[in-house]
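A.B. asks: Structure, please.
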Amino acid sequence: MNTLDCIAARKSIRAFEDKAIPREILECIVRAALHAPIGMALFENLHLSVLTSREKVDAFTALCREQSGDPTADPVHGAAAMIVVSGKRPNANVEFANAACMIENMLLAATDLQIGSLYVNGAIGALRESSLLPRFRSLLQLPPEYTPIGSVALGYCKEKFEPQHTPKNKLTGIDYV
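C.D. replies: Modelled structure (predicted):
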């Protein structure tokens, strides 16, 4: 799929099949993240944690349920895998921008590979600000100098990834000056 078609085909998936994603596909999606533009080329300020099994993703979901107090919460909607982007400077806006660039590359790579994806941000932020952060960091096997910023949930789905000719976004103002 060409780049513009891939961008037009990407969508957030909230219904994943119970099927593992092969390691080589996860590695391809991670490689896409490594091609993201990173401010001042400070690649060493970012870290990726790849949860490769349903059990690990379920452990993340359990932490989210505990944090929110909602026993039915499922911010990843049954995804088979998840990739969490962490940074050394969680109070710097550029770190969030860098993480977002990596995440967008992964979302597009997943779309091109016919893998469903979902940008998961709120649950990461809630855990980051909670007393459960040490357990979350342990689940991610995260080096101590990094803090979770955002993530991508991944899985197979029934959706077809075809370019949408009309964007959903009809609200953003545009001025050609």
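A.B. asks: C-alpha only now, for contacts and for neighbours.
C.D. replies: Fine.
A.B. asks: who are the neighbours in contact with Pro37?
C.D. replies: 98, 101-102 (C-alpha atoms under 8 Å, 6 or more residues apart in numbering).
A.B. asks: Could you report the neighbour count for Ala100?
C.D. replies: A count of nearby residues for Ala100, using other C-alpha atoms under 10 Å, gives 22.
A.B. asks: okay, it: pLDDT?
C.D. replies: At Ala100, the predicted lDDT confidence score is 97.
A.B. asks: Just the element for it, please.
C.D. replies: helix 93-112 (DSSP states H and E).
A.B. asks: mind saving the C-alpha coords of that helix as CSV?
C.D. replies: The C-alpha trace of helix 93-112 is given here as CSV (Å, rounded to 0.1, in the frame of the first residue of the first chain):
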residue,chain,number,x,y,z
ASN,A,93,7.0,18.3,25.7
VAL,A,94,9.5,17.2,23.1
GLU,A,95,9.6,13.7,24.8
PHE,A,96,5.8,13.4,24.2
ALA,A,97,6.2,14.6,20.6
ASN,A,98,9.0,12.1,20.0
ALA,A,99,6.9,9.3,21.5
ALA,A,100,3.9,10.3,19.3
CYS,A,101,6.1,10.2,16.2
MET,A,102,7.2,6.7,17.0
ILE,A,103,3.6,5.7,17.8
GLU,A,104,2.3,7.1,14.5
ASN,A,105,4.9,5.2,12.6
MET,A,106,3.9,2.0,14.4
LEU,A,107,0.2,2.6,13.7
LEU,A,108,0.9,3.0,10.0
ALA,A,109,3.2,0.0,9.8
ALA,A,110,0.5,-2.1,11.5
THR,A,111,-2.1,-0.9,9.0
ASP,A,112,0.2,-1.7,6.1
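A.B. asks: That concludes my questions; thank you for your assistance.
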